[in-house]
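S.K.: I would like the atomic coordinates for the input below:
(one chain, ligands or ions: 2)
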Amino acid sequence: MTAIPVIIDTDTAQDDCVTILLGLLDPAADLLAITMVAGNVGFEQQVANAHLTLNVAGRLGTVPVHLGCRRPLMRDWESAEDVHGDGSGGLSMDRDGVTESGEHGVDALLRLTAERPGEVSIVAIGPLTNIAMAVVKDPAFAARVKSLYVMGGSNNGRGNITAAAEFNFYVDPEAAQVVMDAGFADLRIVTWDPLTLRDATIDRARYNELCELGTPLAGFFARMCEATIDYDESVGINGSTHPDSLTLAILLHPELVQASARYRVDVETRSELTRGLSVMAWEKFGLTPNATVVEAVDAPAFYRVLAGLLATATTPDRPVTGLAG
Ligand code: BDR
Ligand code: CA
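M.R.: Ligands and ions are numbered 1, 2, ... in the order given. Alright, predicted model coming up:
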């Protein structure tokens, strides 16, 4: 098997951390870089969460962490700290000597795709600010990307930060629209509703099974997902939500996808009421499609991907304060 060269563009908290673990440890992935974008929690906390994740995987310092855009293109940053807490369950480590790349995340996206045109895929699991900046900075960027997998929006369904909008598209709707218009040859979208809510939400019983696998990764998973599952259940969602790791999982294991369709996707930027709403127009409307929207995945198989990942024995490079065992 040839591993897939991939960059993860992330607002690292909770399921973003799971996604990085998958990128590090799944043999199907060749993780080239992590690029950071403003989103879920404070920027410095996101950076800390990324290093912590590398550490628990026993891979500290092996994949560059590039700092990208610290705010959306045109709007103030808004967080999801009410959903994720600090995104890693209060765990911490000594970061002495641990550094980020000096290269900006947007420049890393441009360089890595220029070094291997047509080969590198990007999995974008935060607001799309970095990806949009790369599009604006270099008009040839989109054509160099093999596949862009985006977690964002809902398929004409419910939002999560407002009734209309999913968080990643809501935080930077202008960036999301730039990306929709950029002409990526293979743009895939993993939505919040209905896909994630139906196929990537792990109920409490199975969540507990994952937490009790007895590895450092399972202990880490239990801590970093605790705030989110509590929040999710408090708003009527039946379990722990994993949209970001599903997005990478379907790049690595395309057989997980059971249904998808071409759509013309646009993102609302003008209305305050429906800011960030993703309008997904299907065939009937005669518009030229710009994205493939994933509509159904093999949920039990996705759970097995997560269980296999979290059962992997790793040795953290440094002690993790707060992690049992
Ligand atoms: C998305 O928003 C974030 O809170 C999650 O990390 C995910 O990328 C879900 O709406
Ligand atoms: Ca995310």
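
S.K.: Spatially nearest residue to the residue of the stretch 101-250 of the chain found nearest ligand 1, not counting backbone neighbours?
M.R.: Closest to ligand 1 within the stretch 101-250 of the chain is Phe167: 3.6 Å, counting by Cβ to the nearest ligand atom. Every C-beta, even on glycine, is put in place using the N, C-alpha and C of the backbone. Nearest non-adjacent residue to Phe167, counting by Cβ to Cβ, 6 or more residues apart in numbering: Ile161, 4.6 Å away.

S.K.: And for the residue of the stretch 101-250 of the chain closest to ligand 1, the neighbour number?
M.R.: Neighbourhood size, Phe167 [other Cβ atoms under 10 Å]: 25.

S.K.: Wait, it touches Ser154, no?
M.R.: No. Phe167 is beyond contact range of Ser154, at 10.6 Å (criterion: Cβ atoms under 8 Å).

S.K.: any shared contact partners between these two?
M.R.: Trp192 (Cβ atoms under 8 Å, 6 or more residues apart in numbering).

S.K.: give me phi/psi at Val257?
M.R.: phi -80, psi 120 (degrees, to the nearest 10).

S.K.: Please give me every residue in contact with the residue of the stretch 101-250 of the chain closest to ligand 1.
M.R.: Gly39, Asn40, Ala80, Pro127, Asn160, Ile161, Trp192.

S.K.: ok, now how distant is the residue of the stretch 1-150 of the chain found nearest ligand 1 from ligand 2?
M.R.: At 4.3 Å from ligand 1, Ala80 is the closest residue in the stretch 1-150 of the chain, using Cβ to the nearest ligand atom. For Ala80, the distance to ligand 2 equals 8 Å [Cβ to the ion, to the nearest Å].

S.K.: What of Gly68?
M.R.: 13 Å.

S.K.: Can you name every helix or strand that whichever helix or strand Leu306 is part of contacts?
M.R.: Using DSSP states H and E, Leu306 maps to helix 299-310. Helix 299-310 is packed against helix 15-25, helix 197-199, helix 204-211, helix 216-234, helix 243-252, with contacts defined by 3 or more Cβ pairs under 8 Å, 6 or more residues apart in numbering; DSSP states H and E.

S.K.: Distance from it to the middle of the chain?
M.R.: Computed by Cα atoms, centre = their mean, to the nearest Å, the chain-centroid distance of helix 299-310 equals 17 Å.

S.K.: if you skip the residues just before and after it, what's nearest to Glu166?
M.R.: Closest to Glu166 by Cβ to Cβ, 6+ apart is Trp192, at 4.2 Å.

S.K.: you'd agree the one you found is up against Gly157?
M.R.: Yes. Trp192 is within contact range of Gly157, at 7.5 Å (criterion: Cβ under 8 Å).

S.K.: ok, the nearest residue to Ile237 once chain neighbours are set aside to Pro243 distance?
M.R.: The shortest distance from Ile237 to any non-neighbouring residue, by Cβ to Cβ, 6+ apart, is to Thr201 (6.2 Å). Distance of Thr201 to Pro243, given as Cβ to Cβ, to the nearest Å: 9 Å.

S.K.: and what of Asp172?
M.R.: From Asp172 to Pro243 the distance is 17 Å (Cβ to Cβ).

S.K.: what's the answer for Gly126, then?
M.R.: For Gly126 relative to Pro243 (Cβ to Cβ), the value is 11 Å.

S.K.: higher neighbour count, the two?
M.R.: Gly126 (31 against 25).

S.K.: would you say that one is within a strand?
M.R.: No. Judged by DSSP: H, G, I helix; E, B strand; the rest coil, Gly126 forms no part of a strand; its state is coil.

S.K.: got a list of what it touches?
M.R.: If you count contacts by Cβ under 8 Å, 6+ apart, then Gly126 has Asp9, Thr10, Asp11, Asp16, Val37, Ala38, Gly39, Asn40, Asn168 around it.

S.K.: I'd say the first one and Ala33 touch.
M.R.: No. Under the contact definition of Cβ under 8 Å, Asp9 does not touch Ala33, with a separation of 9.1 Å.

S.K.: who has more neighbours, those two?
M.R.: For Asp9 versus Ala33, the count of surrounding residues by other Cβ under 10 Å is larger for Asp9: 30 against 23.

S.K.: which SS state does that one fall under?
M.R.: strand.

S.K.: Quick one: residues contacting it.
M.R.: Thr35, Val37, Gly68, Gly105, Leu109, Ile122, Val123, Ala124, Ile125, Gly126, Asn130, Ile131.

S.K.: Sitting in strands, which of the residues you listed do you find?
M.R.: With DSSP state E as the criterion, strands contain Thr35, Ile122, Val123, Ala124 from among the contacts of Asp9.
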